[in-house]
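Engineer: Have a look at this prediction, sequence included:
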Protein chains: 2
Amino acid sequence: MKALTAGATIGILGGGQLGRMMASAAAQLGFDVSIYCPEHDSPAARVSASHALGAYTDIEALLDWAEGCDVVTYEFENVPVEAAKALIDAGISVRPGSQPLEVSQDRLVEKSFLRDCGIETADFAEVNSAEDIAEPLNRFGGSGILKTRRDGYDGKGQVRLETGDDFEAAHKALANAPCILEAMVPFEREVSVIIARDAVGDMLCYDLPRNEHVNGILKRSVVPSNLNEDVTKRAEAAAEALANAMNYVGVLALEFFVLEDGTLLANEFAPRVHNSGHWTPEACATGQFEQHIRAVAGWPLGPVTRYHDIEMLNLLGEEALVPPDVLSVDGVLTLYGKREAKPGRKMGHLVRRRS
Amino acid sequence: MKALTAGATIGILGGGQLGRMMASAAAQLGFDVSIYCPEHDSPAARVSASHALGAYTDIEALLDWAEGCDVVTYEFENVPVEAAKALIDAGISVRPGSQPLEVSQDRLVEKSFLRDCGIETADFAEVNSAEDIAEPLNRFGGSGILKTRRDGYDGKGQVRLETGDDFEAAHKALANAPCILEAMVPFEREVSVIIARDAVGDMLCYDLPRNEHVNGILKRSVVPSNLNEDVTKRAEAAAEALANAMNYVGVLALEFFVLEDGTLLANEFAPRVHNSGHWTPEACATGQFEQHIRAVAGWPLGPVTRYHDIEMLNLLGEEALVPPDVLSVDGVLTLYGKREAKPGRKMGHLVRRRS
């Protein structure tokens, strides 16, 4: 695929806030954006030149939509692999491709893939029924987290387990779905690498944010993370290995647990722009949304120079209902245009300089 | 009008690049934007939630469109005054109102209004026929600029004149339209004040850019302007007087000629965000587009703190056809999504930090 020029159309699968922010970044570069998603009145469609409503499984509708696009990307990792493959088979450029979806949609495949890339993870075991739990749980020291292999996000689809718990009930609470049992990790902090890789394989990492989760949902990212240089370099090298292994084009986030002794255990990756990178447009020469669009368009990456220290606070549920003029008093406010402030729902974020 | 909250709809009259950048800023704050303009496929409509096509003189269509808006603003000063008045008469909040249109659309009215506000301008005279030229031209020292009172922009609709020129031909070249003759000003530099005034009358000025025009079109704005503090304060006081006189709500730009001795002569004002303020989103806590939306939405203004020195370069005509990946190597690129790169047409701009 040749590099796109202004006026070209970038198709985005998905209509949420990530698509919305990618669409605005694309518009600033002179591109038109077309959104495909099943939701009416989506946040992304409301800032885009065009949109089509349809199921991700409706291949005919998808192909029809993609005819108007010069390249297609996605804003979330649960786009069906078949949808991406059908587009690719029809000769449409899909960046970053179907493999990142395939790998990241299944926690067991993902963890195995990370290990194949030489990236350390917490211990894990496959769980297909409650009987599969006791043995690895003991091996992990008597505590672990049972997670569905697919479809979990923001702390959903997971249960903490200790020896002696009712494993049948725990697995039933996850609908007896195929699961993965992961060892508990006594981490000292969580960080993520936001990496961008362009179409010729050049890569750049943003400064690592330190991430704070509450109830499994990202609450705050702070930069710098104050991780020592050696650990930082190892984290970046891991992200580079992962991006190279998938011949990735775009922005990708790899999340890590950091142990007291500097051991890095990869938790998961997201084949897309990432919540823990929402501070980048305010603090860096090139924000992650523009960076993703640049890569997808076949452009070289922009510089990721960070100009100042910064923090990003997520606004969840009713936190975003505080009058926004009040919210934005001491930072740059971004609201996602979601119509309903359900509890825990990501409604916006606030970015603040730190002096 | 009560302050708007996220989810409200901001209507913008006009579909050009200023509307486009205002729309993106509004979306970041969680607002929906609706564009009204006569042009199909306009740059602003392509980043907005909805749009209506219609003539500005089609009051019925305008009122119909405005029913879906919580407030209406405009992105250019040639919106017919009658259109704004009709909306206001129908009970729709129009910010910054109809008076700024009325004043700025006619150079003679504008210059008189500036003087009534105590703001000095170059000498000027009303010209209704070629016979009206000789006397004031002599009084101005034998040279001047003849401008149509209405509809000129970016150096269009104006002719330089000297004693002995063919006044008949000059006036005819301007279609014998009602004109204003302005004295030539031996200015040392040009600056502008970008001022924001909110609904309760609070005001903030951005640091003044120094502006460089080529063939009557803004080519470059540089901040800081290195104007001395006293002159800067007088320029800001003039902009405040002007904004107060119109009970203005939103962002306004007042352009000045600065003479060698520090004398400030106001040239014209634009009742909208302004090309010479395009560096503000990259250099300041709150950019001019967000600032205008904040004011129009009834929010308090955001801080205008400037974090670093900066310059803005306009990309005119084919300058924007350089592959944008090349263009954006050393700065933040914004392209307006215009379909045709006519000579001199503003196609985008580049913002660069200055060290």
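Structural biologist: Noted; the coordinates are in hand.
Engineer: quick one, phi psi at residue A:206?
Structural biologist: Backbone dihedrals for residue A:206, given as degrees, to the nearest 10, come out at phi -70, psi 160.
Engineer: before we move on, what about residue A:334?
Structural biologist: According to degrees, to the nearest 10, residue A:334 has phi -130, psi 120.
Engineer: contacting residues for it?
Structural biologist: Contact analysis of residue A:334 by C-beta atoms under 8 Å, 6 or more residues apart in numbering or on different chains lists A:21, A:278, A:348, A:349, A:350, A:351, B:28, B:29. (Glycine included, C-beta is placed from N, CA and C.)
Engineer: Bridging across strands, which residues link to it?
Structural biologist: residue A:349 (DSSP bridges).
Engineer: quick one: it from residue B:26, how far?
Structural biologist: 12 Å (C-beta to C-beta, to the nearest Å).
Engineer: wait, residue A:173 sits on residue A:159?
Structural biologist: Yes. Counting by C-beta atoms under 8 Å, residue A:173 does reach residue A:159; the two are 5.8 Å apart.
Engineer: Specify which residue of the two has the higher count of neighbours.
Structural biologist: Shown here are residue A:173 and residue A:159; by other C-beta atoms under 10 Å in any protein chain shown, residue A:159 has more neighbours (17 against 13).
Engineer: Partner strands of the host helix or strand of that one and their direction?
Structural biologist: Taking DSSP states H and E as the definition, residue A:159 sits inside strand A:158-162. If you go by DSSP bridges, strand A:158-162 pairs up with strand A:143-148 (antiparallel).
Engineer: Only C-alpha atoms, please: export the partner strand in CSV.
Structural biologist: These are the backbone C-alpha positions of strand A:143-148, laid out as CSV (Å, rounded to 0.1, in the frame of the first residue of the first chain):
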residue,chain,number,x,y,z
SER,A,143,-4.0,-18.1,45.1
GLY,A,144,-4.7,-17.0,41.6
ILE,A,145,-7.2,-15.3,39.3
LEU,A,146,-9.6,-17.2,37.1
LYS,A,147,-10.3,-15.3,33.9
THR,A,148,-12.4,-16.1,30.9
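Engineer: and it, which residues are buried?
Structural biologist: A:144, A:145, A:146, A:147, A:148 (16 or more other C-beta atoms under 10 Å in any protein chain shown).
Engineer: cool, and stretch A:105-118?
Structural biologist: Buried positions in stretch A:105-118, judged by neighbour count with 16+ other C-beta under 10 Å: A:105, A:106, A:107, A:108, A:110, A:111, A:112, A:113, A:114, A:117.
Engineer: Could you do stretch A:215-231 as well?
Structural biologist: Buried-residue list, stretch A:215-231, by 16+ other C-beta under 10 Å: A:217, A:218, A:220, A:221, A:222, A:223, A:225, A:227, A:231.
Engineer: Among those, which ones are in strands?
Structural biologist: Under the assignment DSSP state E, the buried residues of stretch A:215-231 contribute A:217, A:218, A:220, A:221, A:222, A:223 to strands.
Engineer: so how far is residue A:70 from the fourth one?
Structural biologist: Separation of residue A:221 from residue A:70 (C-beta to C-beta) stands at 32 Å.
Engineer: got it, and the third one?
Structural biologist: Counting by C-beta to C-beta, the gap from residue A:220 to residue A:70 is 37 Å.
Engineer: ditto for the last one
Structural biologist: The gap separating residue A:223 from residue A:70 is 34 Å, by C-beta to C-beta.
Engineer: buried residues in the host helix or strand of residue A:33?
Structural biologist: For residue A:33, the element it lies in under DSSP H and E is strand A:32-37. In terms of neighbour count (16+ other C-beta under 10 Å), strand A:32-37 has its buried residues at A:32, A:33, A:34, A:35, A:36, A:37.
Engineer: And the residue of the stretch 1-150 of chain A closest to chain B?
Structural biologist: residue A:30 (2.7 Å; C-beta to the nearest C-beta).
Engineer: isn't that residue right next to residue B:348, touching?
Structural biologist: Yes. Between residue A:30 and residue B:348 there is a contact under C-beta under 8 Å: 6.6 Å.
Engineer: of the two, who's got more company?
Structural biologist: residue B:348 (26 against 23).
Engineer: got the contact list for that one?
Structural biologist: Residue B:348 neighbours (C-beta under 8 Å, 6+ apart): A:6, A:30, B:314, B:315, B:320, B:327, B:333, B:334, B:335, B:336.
Engineer: hey, where'd the strands end up in the stretch 101-250 of chain A?
Structural biologist: Assigned by DSSP state E, counting those that start in this stretch, the strands in the stretch 101-250 of chain A fall at A:124-127, A:143-148, A:158-162, A:179-183, A:187-197, A:203-205, A:210-214, A:217-223, A:250-259.
Engineer: Dump these to CSV, plus mean pLDDT.
Structural biologist: Formatted as CSV, the strands of the stretch 101-250 of chain A follow (pLDDT from 0 to 100):
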stretch, mean pLDDT
strand A:124-127, 98
strand A:143-148, 95
strand A:158-162, 94
strand A:179-183, 97
strand A:187-197, 97
strand A:203-205, 98
strand A:210-214, 96
strand A:217-223, 96
strand A:250-259, 98
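Engineer: what does the stretch 151-300 of chain A put close to chain B?
Structural biologist: Within the stretch 151-300 of chain A, the positions lying close to chain B (C-beta under 8 Å from any C-beta of the partner chain) are A:285, A:294, A:299, A:300.
Engineer: Among these, which one has the most neighbours?
Structural biologist: In those, the most neighbours by other C-beta under 10 Å go to residue A:294, 27 neighbours.
Engineer: Please see if the worst-scoring helix or strand of chain A on mean pLDDT touches chain B.
Structural biologist: Between all helices and strands in chain A, the lowest mean by mean pLDDT, DSSP states H and E belongs to helix A:324-327, at a mean of 73. Yes. Part of helix A:324-327 sits near chain B under the criterion C-beta under 8 Å from any C-beta, namely A:324, A:325.
Engineer: what comes up buried for that helix?
Structural biologist: Judged by neighbour count using 16+ other C-beta under 10 Å, the buried positions of helix A:324-327 are A:324, A:325, A:327.
Engineer: Looking at the residues you listed, spot the one nearest residue A:262.
Structural biologist: The closest of the buried residues of helix A:324-327 to residue A:262 turns out to be residue A:327 (C-beta to C-beta; 37.2 Å).
Engineer: mind listing what the closest one touches?
Structural biologist: A:315, A:320, A:333, A:348, A:350 are the contacts of residue A:327 under C-beta under 8 Å, 6+ apart.
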